[in-house]
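Asks: Could you look at this predicted model? Sequence included:
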Amino acid sequence: MLTAFALYILVIIGAGALGLYPLKRSNRQKHWPAVVIAAASVIALAYLAWSYRGISRDIVSELANWQLPFASLRAGIDPLSAFFMLPLLILAASCAFYGFRYFGSHAVDRSHWLFYSLLVSGMVMVLLARNAVLFILAWEIMSLSSFLLVIHDKKNADAMRAGWTYFVAAHVGTAFLLAMFFLLSLSAGSFDFSAWTGSQFSAGQADTVFLLALIAFGLKAGFMPFHVWLPLAHPAAPSHVSALMSGIMIKMGLYGLLRVLTYLTPFHAWWGMLLIVLGGISGLLGVLFASGQKDIKRLLAYSSVENIGIILMGLGLGITGAAYGSSTIAFFGFAGGLLHIVNHALFKGLLFLGAGAVIRQTGSGAIDRLGGLLKKMPRTGLMFFVGSAAICGLPLFNGFISELFIYVAAISGAVQPAPPLLALASMAMIAMLALIGGLALACFASVFGIVFLGMPRREMPQGAGEVPASMSWSMGLLAALCLAIGLGGLAVFPFVTRPALLFSGPAVAASRELVSLTLTISAILGGTGLAAALGAGWLMLLKRKRKAAPHVPTWDCGYAQPGPTMQYTASSFVSPIVKHFHLPLQAQETFQGDRELFPTTKWAFHSAVEDWPLTRIFAPLLRSLDRGFTLFHWFQSGKSGQYVFYIALTVFGLIIWKFFL
């Protein structure tokens, strides 16, 4: 198994390197590495799915000998690693195949597919690493390759700013990661993960490790308040890279946090409470910020913050349930959170690919400049609708079943005999999940309706139509999986059970009965939704076969010639939500023109939702740090003699520390 994945890494890196081949080729030939990467990922996925049930423990082996200090090339796979590997391979294949035709006739850097393959291989090695030094090396490969993919358009100032913001955030996280691994290895006496299993950490040590892990991995996962890089980087990257980053790369942060939790048993209840609070804040602010966006990819980026918040709430409730000895709450919390990780990877990947198709064909991602695209891009519109329904958690689609499990965990915490704090947190979670779900429905009804329905708000580019077949097939695969999981929960859920049991402990009989009941309810609601959809489609077909009704002008409030400007905009559709939540959103509105009944000047109105954690907290903090560090510019003078003096001073200090301290 491990040898197979080591071979897979070598294959995709080699495939990516084909993009650097110097001979002149047509533009399509330059992207053949994408097809090789997709094929290798499909083969690896089939092999993993076939052998998944046989992975019941952590299978660790040393792949090779190397002389790196404190490190060994130790790799392993257990139910948690294998579970995260499944969506990684699915997205790696679908995004690579999508990218084969995404660039069209536009030139792209020859190194693009090399960086893409390094990103995929880095994530695979993060999941397989069983040594702290190897984990950090894989983590850096993942971070640096994704940074280079974000700044693919070096002439775009916004893309460069987004890339460097992500670079700084990633390496601040790496600093906390180093501190966390140093503390763990100092307590256990080894950098190998196997030495940490069963180690006895004091309460203070465990709390410190958890907080360091939360910051280190939170900066990668992108939940509040560590989300500042995410809405900048995702819109700047090519759409298939955005799909891979949002779908699975940010989940590496959640994997890292869960991996560390396997070494910190027993759990402390306040850890779970903290995750619930952070998840609730991320979920609510994420969907509110998404509702106020006018760029489709930026909207999807904030939506990722929302869904990471939902996952955090599920995991937090699972930790709290385990700390209080409730296996039912723990199991449903972890199972719902883990399943939502996979579901979010699928429908968010689908939505980013759909957004990329829109941008490719229309040349714009500005929501207010689009409209009526369902007639020109019916396949893309249908796929985007499936992704929108799934992310809203509607029955029939995969987002419903994972959120249902988190609801069941919260309801169990509220109705079962439990400590008052757990019951209060569970009831608050139920209300928060319902609020987030309603706001998400309004947000995606807005973006789908404005982009795909109605009339075009501007003239479309010449020849704008449906995307090439390879891009449609990639979106179709993810849409089919969203439907398959939503309808086939009974077949899919065993994949979630074993990683969930790593944290919740053995499931009791009551938990198994409740799982069956939950899956049955999901199947009934999904079947009802499918029947309703088929019935509506049948009625529409019957209506089309009948004699066409005469077209007559509609009453239009006295306007003689209705135009595209009379349609709802992204701002006007969600205006009631923005006004109701004006305090957390800090929305800004600007009017130009007089307010008379018959104005004599042209009116102009502009509204924007400000990401105040970025503009009012992190940006001033970074500017202050920049001013402070300028005081130390003399330390790096460029004079070699000064640097030799630093080396000598360091050696002298180490000698004193060795012999006298």
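Replies: Happy to help now that I have it.

Asks: Tell me, what's the model's pLDDT at the most centrally placed residue in the chain?
Replies: The centre of the chain sits closest to Ser246, judged by Cα atoms, centre = their mean, with a distance of 3.3 Å. Note on Ser246: pLDDT of 90.

Asks: can you pull out the helices in the stretch 301-450 of the chain?
Replies: 327-362, 373-376, 378-391, 398-415, 420-452 (DSSP state H, counting those that start in this stretch).

Asks: Comparing those helices, which comes out most buried?
Replies: Highest mean neighbour count among the helices of the stretch 301-450 of the chain (mean count of other Cβ atoms under 10 Å): helix 327-362, with a mean of 28. Bear in mind the C-beta positions are built from the backbone N, C-alpha and C, glycine included.

Asks: Could you tell me how far that helix lies from the centre of the chain?
Replies: 7 Å (Cα atoms, centre = their mean, to the nearest Å).

Asks: Show the average pLDDT along that helix.
Replies: Per-residue scores along helix 327-362 average to 90.

Asks: can I get the helices of the stretch 301-450 of the chain in CSV with distance to Met460?
Replies: Formatted as CSV, those follow (distance: least, Cβ to Cβ, whole Å):
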stretch, distance to Met460
helix 327-362, 6
helix 373-376, 7
helix 378-391, 14
helix 398-415, 31
helix 420-452, 12
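
Asks: Mind checking the ones you listed for the one nearest to Asn156?
Replies: In terms of Cβ to Cβ, the element of these nearest to Asn156 is helix 327-362, at 13.8 Å.

Asks: show me the residues around the nearest residue to Gly437 once chain neighbours are set aside that make contact.
Replies: With sequence-adjacent residues excluded and distances taken as Cβ to Cβ, 6 or more residues apart in numbering, Gly437 is closest to Gly393, at 5.3 Å. Gly393 makes contacts with 399-400, 403, 437, 440, as judged by Cβ atoms under 8 Å, 6 or more residues apart in numbering.

Asks: Take the residues you listed and lay them out in CSV including distance to Gln586 and pLDDT.
Replies: Formatted as CSV, these follow (distance: Cβ to Cβ, whole Å; pLDDT from 0 to 100):
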residue, distance to Gln586, pLDDT
Gly399, 29, 86
Phe400, 32, 89
Glu403, 28, 90
Gly437, 23, 91
Ala440, 20, 91
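
Asks: Tell me the one among those nearest to Leu501.
Replies: Relative to Leu501, and with distances defined as Cβ to Cβ, the nearest of the contacts of Gly393 is Glu403, at 20.8 Å.

Asks: The closest residue to the residue nearest to the centre of the chain other than its chain neighbours: how many residues sit nearby?
Replies: Leaving aside its sequence neighbours, Ser246 sits nearest to Ser304 (Cβ to Cβ, 6+ apart; 4.8 Å). Residues contacting Ser304 under the criterion other Cβ atoms under 10 Å number 29.

Asks: My guess is Ser304 contacts Lys348. True?
Replies: Yes - taking contacts as Cβ atoms under 8 Å, Ser304 lies within contact range of Lys348: 6.1 Å.

Asks: Need the overlap of contacts for these two.
Replies: Ser246.

Asks: All the helices of the stretch 501-650 of the chain, residue numbers only.
Replies: 509-545, 570-573, 575-580, 582-585, 612, 619-629, 640-660.

Asks: and of those helices, who's closest to Arg298?
Replies: Here helix 570-573 is closest among the helices of the stretch 501-650 of the chain (Cβ to Cβ), at 11.0 Å.

Asks: Which stretches in the chain count as strands?
Replies: For the chain, the strands defined by DSSP state E occupy 59-64, 73-77, 587-592, 604-609.

Asks: Low-confidence ranges, the stretch 1-150 of the chain, go.
Replies: 21-29, 62-65, 67-68, 70-71, 104-107 (pLDDT under 70).

Asks: what's the neighbour count on Ile655?
Replies: So Ile655, with other Cβ under 10 Å, has 10 neighbours.

Asks: give me every residue that touches it.
Replies: Applying Cβ under 8 Å, 6+ apart to Ile655 gives no contacts.

Asks: Begin at 13, not 1, for the rest of this chat.
Replies: Got it, the first residue is 13 from now on, which makes the last one we talked about Ile667.

Asks: What distance do you get for it to Ala660?
Replies: Ile667 sits 11 Å away from Ala660, going by Cβ to Cβ, to the nearest Å.

Asks: Then Met472?
Replies: 68 Å.

Asks: More neighbours: which of these two?
Replies: Of the pair Met472 and Ala660, Met472 is the one with more neighbours under other Cβ under 10 Å, namely 18 against 10.

Asks: Hmm, Gly383 and the more buried one touching each other?
Replies: No - contact criterion Cβ under 8 Å: Met472 and Gly383 do not qualify, at 9.6 Å.

Asks: Low-confidence stretches in the stretch 463-612 of the chain?
Replies: Looking at the stretch 463-612 of the chain by pLDDT under 70, you get 473-476, 519-525, 555-577, 582, 599, 601, 603, 605-612.

Asks: try 90
Replies: For the stretch 463-612 of the chain, the stretches flagged by pLDDT under 90 are 463-483, 496-612.

Asks: what about Ala496, neighbour count?
Replies: 14.

Asks: do the one 10 residues further on as well
Replies: Around Pro506 sit 10 other residues, with neighbours defined as other Cβ under 10 Å.

Asks: Tell me the spacing between it and Leu358.
Replies: 18 Å.

Asks: same thing with Ala215?
Replies: Distance from Ala215 to Leu358, by Cβ to Cβ: 39 Å.

Asks: Verify the stated contact: Leu312 with Leu365.
Replies: No - contact criterion Cβ under 8 Å: Leu312 and Leu365 do not qualify, at 10.5 Å.

Asks: doesn't Leu493 make contact with Gly399?
Replies: No - counting by Cβ under 8 Å, Gly399 does not reach Leu493; the two are 11.0 Å apart.

Asks: And the chain, split by domain according to the record?
Replies: Domain assignment of the chain by automatic domain parsing yields the ranges 13-200+227-275, 278-550, 629-673.

Asks: Need those in TSV (columns: distance to Val586).
Replies: Listed next are these as TSV, based on distance: least, Cβ to Cβ, whole Å:
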stretch	distance to Val586
domain 13-200+227-275	17
domain 278-550	4
domain 629-673	24
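
Asks: Ok, which of those comes nearest Lys591?
Replies: Closest of these to Lys591 is domain 278-550, at 11.0 Å (criterion: Cβ to Cβ).

Asks: Contacts only, for the residue lying closest to Tyr275 once chain neighbours are set aside.
Replies: Excluding the flanking residues, the one nearest Tyr275 by Cβ to Cβ, 6+ apart is Trp208, at 4.3 Å. Under the criterion of Cβ under 8 Å, 6+ apart, the neighbours of Trp208 are 196, 200, 202, 275.

Asks: which of these tops the neighbour count?
Replies: Among those, the one with the most neighbours (other Cβ under 10 Å) is Leu196, at 24 neighbours.

Asks: Quick check: the residue nearest to it when sequence neighbours are not counted vs Gly265, distance?
Replies: Of all residues not flanking Leu196 in the chain, Trp208 sits nearest, at 5.6 Å (Cβ to Cβ, 6+ apart). From Trp208 across to Gly265, the span is 19 Å (Cβ to Cβ).

Asks: Pro432 now?
Replies: 32 Å.

Asks: Neighbours of Gln654, how many?
Replies: Neighbours of Gln654 (other Cβ under 10 Å): 12.

Asks: And it, how far from Trp646?
Replies: In terms of Cβ to Cβ, Gln654 sits 9 Å off from Trp646.

Asks: ok, now Val48?
Replies: Val48 is 51 Å from Trp646, by Cβ to Cβ.

Asks: Compare these two (neighbour count), which wins?
Replies: Neighbour totals were compared for Val48 and Trp646, and Val48 leads with 18 against 7 (other Cβ under 10 Å).

Asks: which residues does the nearest residue to that one once chain neighbours are set aside contact?
Replies: Spatial nearest neighbour of Val48, excluding adjacent residues (Cβ to Cβ, 6+ apart): Ala27 at 3.8 Å. Applying Cβ under 8 Å, 6+ apart to Ala27 gives the contacts 45, 48-49, 52, 125, 129.
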